[in-house]
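Asks: below: sequence and its predicted model.
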Amino acid sequence: MVPSFAFIDRTEPVSPTRRTTTSGPRLQPDVRHSASELREFGEAIYKQVWDEFYKWEPGYASDILGDIKNNPVVRVRGGARKMAKSMAKRFLERSPCPVVASGGSGTSNVVITEYATGSGTRTTTVVPISTAVLSDAQRLAPHPPYECCPPINRSILVNDVERSTAKFLPYAEDESFPVESYLKKFEHLEWAQEFDPDFEMIQLETTWRLHVIHGLSISDITRMHILKPTRISHNTGLLWDCMQRDFLQWPGASQTNAKDGLPIGEVPLSDDLHGRLTSMLRAFCPSRNCLGSLCLTHAQPHSAFLPLNKPRITGASMILSEGHPCGPDCFRLVPDIEQYAETLPPPSRDPSQTPFADNLHMILGIAPDLFPCQLAVMCFKPCKEVFVERVHLFPDNTIFLLDRESSTGVSTDGDSESSAQRKGAQHKKKKSKKAGPTFANVAGHLRQPVPFPCAHPGECTTARCQCYSSKFHCQPSCRCGVKCVRQWPACTCQQCGKKCPCRLSSRECIPGICVNCGIRGISKKPCSNTKMQRLYSEPLQVKIGSYGLGAFAMQDIADGNFVGTYAGHVLSNNAADLTGDIRRHNHRNYLFEFEHDSLEPEIFDAARVGNATRFLNHRGHGEDNVGAENILVNGEHQIGFFAKKQVKAGEELLLDYGDTYWTNNNDDDEPTDEKDAQDLHI
């Protein structure tokens, strides 16, 4: 008979959320307090909660220790051990393990036992299998050593703050690894930092009382500098830490879980359209390579600047524009707009309802030339009613004459300026006496990092624009828009080949600027100079190659065709130095560095994350068939691999690592045979 297991209930008793106010110090309401006053008050509440917690905690710990004494865990472990031995013994008696002889072959049985839930019945099935015996064990050659990593298709930015903390000790069981040398490079050790869940519960309760009972805002609580901020980022802060474990229900707790009464996010009110837009901009990555929130590739938070634009299209131009009605309520079908406007009811004066005109004014401030057909979908209003509000907000006589001239030939797709008009505007600027914008040389972006996207009021013609200061072209992620004078000029190619000006300057074509080469992707043959931003790559197979593992083409690759993008962690010089001991220990170097003139070059490391391109082996002296290029993709430097010659299916892809690679790895000589080079990859 299997002994019963002793069960000890460790569940805390559920205490209801506190509904009565606690005694203690008070702040005078409706008075703005200084930082010193807030800190003094916060320390008093902190001490009060501290005393309450540790008045309760010793008795609770004593009760737990008493339960362990009365119900020893040793008996539970002993029972489990006996049950496991009994089950193993019965299984071995029925089906002894087959012994592999030195020669010949035989038949063995696999026993499958199924237990029915509740009834206690058991069903046993015997499946015979044939066994093959190898007479020579040396036929199974060992697999070449390798380092596995999670696959990614986009590089991940690693900041110096994250890299300054050692998360774990690599090769902890290998005595030859230089532990002291490796750990000395880090400022902090993850396992050496003090951690006490009791402190978290005390700080959480203190924050709750300051915010809920005493009415202090979260920003005022943060200004005290005595408690950990409730929210540092989406996955850091006091709330995040407390939600990673079971909530402790102690008598002084005012919550049943960590989220009770405390804001878990910085989300503006639903009727604050401007606030909701700007808050989203901080978390939403503007890069066209991402277009997602909480991006892991680019620095956060992003700028919340929201530029306001002036209308360039009059209401009369919209009525006369080409296009089909969007529906029975389209503004194009109204014979007399002024007469229709008189039939509309007056706007609601209820303060609880956000006026429709306010939201529309906010949207038109960002995109004033959107057609009513598009705005109707966004505002949940009839198209003709939206047009009336638009004319009321932007009368035709307030739109400048110059803007009216540029609004001819508009279309309902919202693109009020065609490429021909853009060329005409550029032609007029050339005739102007004013000097045009100055830039570095065409491929100047190859020699220095791209600045952060600019976000400022006004044009990009003064030093407040960082693109202007660094003589860089503005990028699509800049807040100035694609019509900015500093944007890269559009190519005029119908099909982008080797002579495309974008390709000659080591750039990919930019959606919204280059419009003639099929970059929008709506044609059967999209632009060939957009493969990196479309995450296209040739299918590669990873298997044993010339040196360890290698990457092989699964289909023919023509000369000059794009092969793939090198992906990994984006590091600074300091962060890359931290991995030196690991690289020298395992003899694998995946660092790929841009040749920048700046002191902070961009370095890609595919050691911990990457894709199949990390397995490209070295082959110099003109025998390589793949070359690497630094390409600017929507304002972001990426490393692209291109075929240097015709590559047949099944052929290994080889890359010349260059002299710099071997110079930086002077402790490893260039491989001369398979034994020396099997562990070396880029």
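Replies: Cool, the structure landed.

Asks: any idea how many residues pack against Ala258?
Replies: Neighbour count of Ala258, defined by other CB atoms under 10 Å: 22. C-betas here are computed from N, CA, C, even on glycine.

Asks: that one contacts Phe247, doesn't it?
Replies: Yes: here Ala258 reaches Phe247: they are 6.0 Å apart, a contact under CB atoms under 8 Å.

Asks: alpha carbons only: can I get stretch 280-294 in PDB?
Replies: Provided in PDB are the C-alpha atoms of stretch 280-294 (Å, rounded to 0.1, in the frame of the first residue of the first chain):
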ATOM      1  CA  MET A 280       1.000  56.200 -27.900                       C
ATOM      2  CA  LEU A 281       3.800  58.000 -29.700                       C
ATOM      3  CA  ARG A 282       6.100  57.400 -26.700                       C
ATOM      4  CA  ALA A 283       5.700  53.600 -27.000                       C
ATOM      5  CA  PHE A 284       5.000  53.200 -30.700                       C
ATOM      6  CA  CYS A 285       8.200  52.900 -32.800                       C
ATOM      7  CA  PRO A 286       8.100  55.300 -35.800                       C
ATOM      8  CA  SER A 287      10.600  53.300 -37.800                       C
ATOM      9  CA  ARG A 288       9.000  51.700 -40.900                       C
ATOM     10  CA  ASN A 289      11.100  48.600 -40.200                       C
ATOM     11  CA  CYS A 290       9.100  48.100 -37.000                       C
ATOM     12  CA  LEU A 291       5.800  50.000 -36.800                       C
ATOM     13  CA  GLY A 292       5.000  48.400 -33.500                       C
ATOM     14  CA  SER A 293       4.900  49.200 -29.800                       C
ATOM     15  CA  LEU A 294       7.600  48.400 -27.300                       C
END
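
Asks: which residues touch it?
Replies: Stretch 280-294 is contacted by residues 154, 234, 295, 297-298, 300-306, 453, 476-477, 479, 511, 533, 633-636 when judged by CB atoms under 8 Å, 6 or more residues apart in numbering.

Asks: select from those every entry located in strands.
Replies: Of the positions in those, 633, 636 sit in strands, assigned by DSSP state E.

Asks: and Leu189, how many residues sit next to it?
Replies: 13.

Asks: against Phe168, how distant is it?
Replies: Distance from Leu189 to Phe168, counting by CB to CB, to the nearest Å: 10 Å.

Asks: so Ser219 sits in a helix?
Replies: Yes: with DSSP: H, G, I helix; E, B strand; the rest coil as the criterion, Ser219 is assigned to a helix.

Asks: so what pLDDT did it get?
Replies: pLDDT, Ser219: 85.

Asks: any idea how many residues pack against it?
Replies: The number of residues packed near Ser219 is 8, by other CB under 10 Å.

Asks: where along the stretch 551-682 of the chain do the strands fall?
Replies: For the stretch 551-682 of the chain, applying DSSP state E, counting those that start in this stretch gives strands covering 562-566, 569-571, 591-593, 603-605, 617-618, 626-633, 636-643, 654-655.

Asks: which one, of the ones you listed, ends up nearest to Gly327?
Replies: Closest approach to Gly327 among the strands of the stretch 551-682 of the chain (CB to CB): strand 626-633, 39.5 Å.

Asks: now do that closest one, average pLDDT.
Replies: Mean predicted lDDT for strand 626-633 stands at 93.

Asks: in this structure Phe642 contacts Asn625, no?
Replies: No: assessed by CB under 8 Å, Phe642 is found out of contact with Asn625, at 10.3 Å.

Asks: and these two? Which one has more around it.
Replies: Remark: of Phe642 and Asn625, Asn625 carries more neighbours, 22 against 17, as counted by other CB under 10 Å.

Asks: for Asn617, see how far away that one is.
Replies: Taking CB to CB, one finds Asn625 at 11 Å from Asn617.

Asks: much appreciated, bye for now.
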